[in-house]
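S.K.: Predicted model, plus sequence, below.
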Number of protein chains: 2
Amino acid sequence: MKKGVIFSVLVFVLAASLGFAQSSLMEQANEYFEPVPMGVPELDGNPVTYDKIELGKMLYFDPRLSKSGLISCNTCHNIGLGGDDNQEVSTGHGWQKGPRNAPTVFNSVFNMAQFWDGRAEDLAAQAKGPVQAGVEMNNTPERVIKTLKSIPEYVEYFKKAFPDDSNPVTFDNMANAIEAFEATLQTPDSRFDQYLKGQESALNDKEKEGLQAFMDKGCAGCHYGVNMGGLDYYTFGVVERPNERITQNDEGRFTVTNTKEDKYVFKSPSLRNIAITEPYFHSGKVWSLKEAIKIMGSAQLGIELSENDVEAILAFLKTTTGVQPKIEYPILPGSTKDTPKPVLD
Amino acid sequence: MKKGVIFSVLVFVLAASLGFAQSSLMEQANEYFEPVPMGVPELDGNPVTYDKIELGKMLYFDPRLSKSGLISCNTCHNIGLGGDDNQEVSTGHGWQKGPRNAPTVFNSVFNMAQFWDGRAEDLAAQAKGPVQAGVEMNNTPERVIKTLKSIPEYVEYFKKAFPDDSNPVTFDNMANAIEAFEATLQTPDSRFDQYLKGQESALNDKEKEGLQAFMDKGCAGCHYGVNMGGLDYYTFGVVERPNERITQNDEGRFTVTNTKEDKYVFKSPSLRNIAITEPYFHSGKVWSLKEAIKIMGSAQLGIELSENDVEAILAFLKTTTGVQPKIEYPILPGSTKDTPKPVLD
């Protein structure tokens, strides 16, 4: 019987230590990360209402916000494709190429700022950019307002969404409504979120190994928080600058701040849903997530990640793909004779 | 009391004749037109199933059917904009202009053939056109199949949608699935449909006057049936050829049949939802529905419609706008390393 007792004790100790090892990984993970919440966050200075969300959804899908009448927010931030366009860089008015890869709109409300260089403080500020950019939607605030005011149903929707405004149809309110809709575009309940909430079996061993490596090797130093990124700026190539094919000599945040320290500095992107938002980096030049992980190892951490670590981190990152938003395609109010006609030149 | 009796008789006769006049208009209308059905019609040789509709919806919204990865069926046949793009002519690969105005996809299943020149016998045949057209999606069947086969979820969806096929992922089946989805894109229950079904009050007096004029003046000679059009071919300019700005010297069906009689011949378009599918004619050169009605009067009927008739017909045509389809935006399966990359050149 002695042998039996010793065996039982061994099993107990083993089980306990395994249990401890697992819960310690979970605890450590909860220090770095937070689950994507189920629900709509409040927005500073922009109270979220269903009327505003509904209007924002229409505007998000309305190509008439562009000069050509062909390009909507959804063109580059496609709800059906992980919230981006799966292109190296976006294509806009006149088939022009944009300068950078379109980031996903999903969970973007949790970024501290918007765009790769953080030049917009929130999603409302962001929304005004592409509408006016010559290589994107190529429109003007005046023409957008003329368009919206020419459509009586839109005027009514703006009144409902901004009931306290005497002049509700403004470029700012267009952006506020879009921001309210975008704040609903979250992808909760990924297997990683289930794990963070305490569901031990949500990740398999390989994925847990990847999560451990992601924290131990230093990835989580920049990619932390709800979005696993989006909370600070870093030089692309902290240790070793990637080659020009990948960097495209893009000076990043320097073009915003004109400060030497900001040369080649970018906001760390969110890694949520990263497996379905290829290609990678501001340049969109890398299509393989595995290659992107290796590049980050050498460029940001100065280490060559082992094949095993890369595979494990890859397996882990795939667990961050959450439940994609279900959206009813909005029926847009019809144009009138006063609506500016599409201009394609 | 005699006076009273005479008055009563007069009232009765008046009411009866009014009743007769109204029901005769409704009867006459029902000889020319049919309501848009509520439900999905069966398709010749393409059994409609929910699995097929679901797959077709994904394909309809998937820009990866185009070489650029930017253009989907929905780009030019926008579900939110009356089933078309509200452009003179469509813009495709490389920002190229297409040759003709994009017809609405809504209710198109009830047309005897597809395209302005009827060169596709049904929606499945139609769907293969734009995918391959150089000025539209600029893709090849081989590349489309390579794309779809590179995405395991798509392969599974095709198996479910075409369970009897040993090789379900084919260009034909892509088109069959899209056709099944498009067959669901109907707009029933317009006020005109309610009227056709016997609801006398669904149209007001002005609209009824317009309906009467529409039939009496001869419009219904070409624009009859469920779709108020789409059932035969006619010369654009039966009596008087409109000017070149409007015709764009487009030879119409002649380019399909190479038969002299088919010069400048087009399929009569559906007038369903016509008020929200501007601009008009194959050229898309006319933005005002009122102007389009006048042009049809002189070009097809050889009459100058009175201002009153034009206004009445306009009022009537607006009653054909039906309930627009409610579609949940499909979440598209992610690409893999084998998926062909977007090509923008």
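M.R.: Thanks, I have the structure now.

S.K.: residues near A:Ser306, how many?
M.R.: 12 (other C-beta atoms under 10 Å in any protein chain shown). From N, CA and C alone the C-beta is placed, and that goes for glycine too.

S.K.: With A:Asp216 instead?
M.R.: 11.

S.K.: any idea how far it lies from chain B?
M.R.: 28 Å (C-beta to the nearest C-beta, to the nearest Å).

S.K.: list the contacts for that residue?
M.R.: Going by C-beta atoms under 8 Å, 6 or more residues apart in numbering or on different chains, A:Asp216 touches no other residue.

S.K.: Quick check: the gap between it and A:Phe61.
M.R.: 43 Å (C-beta to C-beta, to the nearest Å).

S.K.: How about A:Met296?
M.R.: If you go by C-beta to C-beta, the gap between A:Met296 and A:Phe61 works out to 34 Å.

S.K.: Which residue ranges of the stretch 101-250 of chain A form strands?
M.R.: Using DSSP state E, counting those that start in this stretch, the strands assigned to the stretch 101-250 of chain A run over residues A:233-235.

S.K.: Closest approach to chain B from it, which residue is it?
M.R.: Chain B sits closest to A:Thr187 of the stretch 101-250 of chain A, with a gap of 10.4 Å, by C-beta to the nearest C-beta.

S.K.: Pull the number of nearby residues for the residue lying closest to that residue once chain neighbours are set aside.
M.R.: Take A:Thr187 and drop its neighbours on the chain: the residue closest to it by C-beta to C-beta, 6 or more residues apart in numbering or on different chains is A:Gly322, 3.1 Å away. A:Gly322: 22 surrounding residues under other C-beta under 10 Å.

S.K.: Check A:Lys97 too.
M.R.: With other C-beta under 10 Å as criterion, A:Lys97 counts 12.

S.K.: for A:Leu65, same thing?
M.R.: For A:Leu65, using other C-beta under 10 Å, the count is 23.

S.K.: pretty sure it contacts A:Met137?
M.R.: Yes - if you go by C-beta atoms under 8 Å, A:Leu65 and A:Met137 touch, sitting 6.1 Å apart.

S.K.: any common contacting residues for these two?
M.R.: Between them, A:Leu65 and A:Met137 share the contacting residues A:71, A:131, judged by C-beta under 8 Å, 6+ apart.

S.K.: So A:Leu81 sits against B:Leu332, correct?
M.R.: Yes - between A:Leu81 and B:Leu332 there is a contact under C-beta under 8 Å: 5.6 Å.

S.K.: Output the below-cut-off pLDDT ranges for chain A.
M.R.: For chain A, applying pLDDT under 70 flags the ranges A:1-23.

S.K.: mind checking how far the residue nearest to A:Thr187 is from chain B?
M.R.: 11 Å.

S.K.: Need phi/psi at the nearest residue to A:Glu209 once chain neighbours are set aside.
M.R.: Here the nearest residue to A:Glu209 in space, its sequence neighbours aside, is A:Ala312; by C-beta to C-beta, 6+ apart that works out to 4.3 Å. The phi/psi pair for A:Ala312 (degrees, to the nearest 10) reads phi -70, psi -40.

S.K.: quick one: contacts for A:Ala312?
M.R.: A:Ala312 touches A:206-207, A:209-210, A:213, counting by C-beta under 8 Å, 6+ apart.

S.K.: Now with 6 Å, please.
M.R.: Under the criterion of C-beta atoms under 6 Å, 6 or more residues apart in numbering or on different chains, the neighbours of A:Ala312 are A:206, A:209-210, A:213.

S.K.: Just the ones of those residues in helices?
M.R.: A:206, A:209-210, A:213 (DSSP state H).

S.K.: Tell me the one of these nearest B:Val286?
M.R.: For the ones in helices among the contacts of A:Ala312, the closest approach to B:Val286 (C-beta to C-beta) belongs to A:Gly210, at 60.6 Å.

S.K.: The closest one: neighbour count?
M.R.: Neighbour number of A:Gly210 under other C-beta under 10 Å is 26.

S.K.: Touching, it and A:Leu317? I think so.
M.R.: No - using C-beta atoms under 6 Å, A:Gly210 makes no contact with A:Leu317, being 7.2 Å away.

S.K.: May I ask you to confirm that A:Leu317 is in contact with A:Asn273?
M.R.: No - under the criterion of C-beta under 6 Å, A:Leu317 makes no contact with A:Asn273, lying 9.5 Å away.

S.K.: Looking at the two, which is more packed in?
M.R.: Higher neighbour count among A:Leu317 and A:Asn273: A:Leu317, with 26 against 23, using other C-beta under 10 Å.

S.K.: which non-adjacent residue is nearest the more buried one?
M.R.: Per C-beta to C-beta, 6+ apart, closest to A:Leu317 is A:Ile274, 5.3 Å.

S.K.: picking that back up, which members of the contacts of A:Ala312 are classed as buried?
M.R.: A:209-210, A:213 (16 or more other C-beta atoms under 10 Å in any protein chain shown).

S.K.: For stretch A:115-130, buried residues please.
M.R.: Under 16+ other C-beta under 10 Å, the buried positions of stretch A:115-130 are A:115-120, A:122-128, A:130.

S.K.: Oops, could you answer that again for stretch A:328-345 instead?
M.R.: Neighbour-count burial for stretch A:328-345, counted by 16+ other C-beta under 10 Å, picks out A:329-335, A:339-340, A:342, A:344.

S.K.: Dump those residues to a markdown table, plus distance to chain B and secondary structure.
M.R.: Listed next are the buried residues of stretch A:328-345 as a markdown table, based on distance: C-beta to the nearest C-beta, whole Å; DSSP: H, G, I helix; E, B strand; the rest coil:
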| residue | distance to chain B | secondary structure |
| --- | --- | --- |
| A:Tyr329 | 5 | coil |
| A:Pro330 | 5 | coil |
| A:Ile331 | 5 | coil |
| A:Leu332 | 4 | coil |
| A:Pro333 | 9 | coil |
| A:Gly334 | 4 | coil |
| A:Ser335 | 6 | coil |
| A:Thr339 | 9 | coil |
| A:Pro340 | 11 | coil |
| A:Pro342 | 6 | coil |
| A:Leu344 | 6 | coil |
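
S.K.: Could I get these in a markdown table, plus columns for distance to A:Leu289?
M.R.: Formatted as a markdown table, these follow (distance: C-beta to C-beta, whole Å):
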| residue | distance to A:Leu289 |
| --- | --- |
| A:Tyr329 | 30 |
| A:Pro330 | 33 |
| A:Ile331 | 37 |
| A:Leu332 | 36 |
| A:Pro333 | 41 |
| A:Gly334 | 43 |
| A:Ser335 | 42 |
| A:Thr339 | 43 |
| A:Pro340 | 42 |
| A:Pro342 | 38 |
| A:Leu344 | 37 |
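
S.K.: what about A:Val155, how many residues close to it?
M.R.: 14.

S.K.: Quick one: neighbours of A:Asn30, just the number.
M.R.: As a burial measure, A:Asn30 scores 14 neighbours (other C-beta under 10 Å).
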